[in-house]
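# pasting the sequence and the predicted model now:
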Amino acid sequence: MPDSRINIPNLLTWLRILLIPLVVGVFYTPDAWLDATDKNQLATFMFVLAAVTDWLDGWLARKLDQQSAFGAFLDPVADKLMVAAALVVLVQLGRCDSIIALVIIGREIAISALREWMAQIGRARSVAVNALGKIKTIAQMIAIPLLLFHDNFMGLFEARVLGEWFIWAAALLTLVSMVWYIKAAFASPDDRPADES
């Protein structure tokens, strides 16, 4: 029987994990090799590539019927590592407020622990991913590459300014979604939202 941990979707997830230190490492490259603009562009490209693999591995897993418990575990881990690493870099570069990074990373840790607890007591569905969480993720995935790029984009807009708006929106959505998940987790079965029953 083939190992379900070794398939195309999971290999793409591993690729996403391998891209994380590269995105970080770009900014430690000597200026003689890459100037600031090149670093911004290369880091943005690699982050966007990683984000595309996030969508692609899920699509391929369904298309090729290669969904697995290992993939279901690894995929969100890769996502959280990618976002956390990018936020730490952005804080160090002075492009993101440390409070925002703390809110977003702290929420991911808290909700992951909450889901683990809910799974152990047989109530995993009460904290299943909802639309609000997905919107928060979209805001993050728009904000981070904009802040990594940081410069004027082809004379059309200032990536830094737009990225700041999106990251603040993501932080607000992070707090709102966290409250929603906590309320859903601690609600009695009769109090759960209808779409979670």
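Yep, that arrived.

# so where's this structure uncertain?
Judged by pLDDT under 70, the chain has its weakly predicted residues at 1-5, 123-130, 188-197.

# isn't there a helix covering W165?
Yes. Under DSSP: H, G, I helix; E, B strand; the rest coil, W165 sits within a helix.

# contact partners for it?
Counting by Cβ atoms under 8 Å, 6 or more residues apart in numbering, W165 touches A143. Where C-beta positions appear, they are placed from N, C-alpha and C, glycine not excepted.

# does the residue nearest to W117 when sequence neighbours are not counted fall in a helix, a strand, or a coil region?
Using Cβ to Cβ, 6 or more residues apart in numbering and skipping residues adjacent in sequence, the residue nearest W117 is A185, 7.8 Å away. Classification of A185 by three-state DSSP places it in helix.

# just the helices in the protein please.
Taking DSSP state H as the criterion, the chain contains helices spanning 8-26, 36-63, 69-92, 98-120, 131-149, 159-186.

# of the ones you listed, flag the one that's most buried.
helix 131-149 (a mean of 20; mean count of other Cβ atoms under 10 Å).

# now that one and helix 69-92, what's the angle there?
50 degrees (axes from the mean of the first three to the mean of the last three Cα atoms, to 10 degrees).

# verify the stated contact: E164 with I144.
No. At 11.6 Å, E164 does not count as touching I144 under the criterion of Cβ atoms under 8 Å.

# how about I142, what does it touch?
Applying Cβ under 8 Å, 6+ apart, the residues contacting I142 are G163, F166.

# try 10 Å this time
I142 sits next to A51, L162, G163, W165, F166, I167, A169, A170 when contact means Cβ atoms under 10 Å, 6 or more residues apart in numbering.

# what touches both of E164 and I144?
R95, C96.

# show me what contacts the residue nearest to I17 when sequence neighbours are not counted?
Nearest non-adjacent residue to I17, counting by Cβ to Cβ, 6+ apart: A78, 5.0 Å away. Shown in contact with A78 (Cβ under 10 Å, 6+ apart): 10, 12-20, 50, 53-54, 57.
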